[in-house]
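**Student:** below: sequence and its predicted model.
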Amino acid sequence: MAVTIFDQREVTLPLHDSVWHKTPEQNPDTGVRKLVQLAEQADAFVLASPIYHNGPSGVLKNALDHLAIKHFAYKPVGLISHGGNRTSQAVDQMRIWVRGLLGHAITTQICTQNGDFEPGGTDDPRISNPDISARTEKFCRELSVMAKTLAIARSALIV
């Protein structure tokens, strides 16, 4: 399984313009076109966000607004959030977004807090909590199985 990360710290997307709602692939912004291209090629998605004011980042929502139902229909979506006390508000809201895009949020979700990680030096922090590590392994297995299963559904249901 290949993984491609669309890191919004590296690609700044403009605010969504509804002019491109039905034809996002024609958006003049190269970052948006790259996002659309990756979404078209994806068999599954992972949406990850810090928790801001009891919900996910507006930057993530803006990125999703640049995409269309055709990019998510019958594809599995894993949900991850990070914030105080491992609360689930952000993943709960993302689950509603995924449903609206006709995607299928997998049942295993990951919610982390600072204490679940150890500093990674110059790298990103590393998971140090064994329960979060086990959940991450389950999350990845579930996403992989659902990607294969829903590929069959997509071919039968999308005309």
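**Tutor:** Happy to help now that I have it.
**Student:** so which strand or helix has residue 61?
**Tutor:** helix 58-65 (DSSP states H and E).
**Student:** what packs against that helix?
**Tutor:** Helices and strands touching helix 58-65, by 3 or more Cβ pairs under 8 Å, 6 or more residues apart in numbering; DSSP states H and E, are strand 45-50, helix 89-100. Quick note: C-beta positions are derived from backbone N, CA and C, even for glycine.
**Student:** dump the ones you listed to a markdown table, plus mean pLDDT and distance to residue 62.
**Tutor:** As requested, these are exported to a markdown table (pLDDT from 0 to 100; distance: least, Cβ to Cβ, whole Å):
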| stretch | mean pLDDT | distance to residue 62 |
| --- | --- | --- |
| strand 45-50 | 97 | 12 |
| helix 89-100 | 98 | 12 |
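**Student:** low-scoring stretches of the protein, by residue?
**Tutor:** For the chain, the stretches with pLDDT under 70 are 122, 159.
**Student:** repeat that for 80
**Tutor:** For the chain, the stretches with pLDDT under 80 are 1, 120-123, 159.
**Student:** what's the spacing between the residue in the chain sticking out farthest from the centre and residue 63?
**Tutor:** When each C-alpha in the chain is compared with the mean C-alpha position (Cα atoms, centre = their mean), residue 121 comes out farthest, at 25.9 Å. Separation of residue 121 from residue 63 (Cβ to Cβ, to the nearest Å) stands at 29 Å.
**Student:** now swap in residue 15 and tell me
**Tutor:** Note on residue 15: its distance to residue 63, by Cβ to Cβ, is 11 Å.
**Student:** contacts only, for the residue nearest the centre of the chain.
**Tutor:** Most central in the chain under Cα atoms, centre = their mean is residue 47, positioned 1.7 Å from the mean C-alpha point. Neighbour list for residue 47: 56, 60, 64, 77, 78, 79, 80, 94, 97, 98 [criterion: Cβ atoms under 8 Å, 6 or more residues apart in numbering].
**Student:** hmm, residue 81 and the first one touching each other?
**Tutor:** It stands for residue 56. Yes: shown here, residue 56 and residue 81 form a contact pair, counting by Cβ atoms under 8 Å, at 6.8 Å.
**Student:** overlap in contacts, these two.
**Tutor:** 49, 50, 90, 91, 94.
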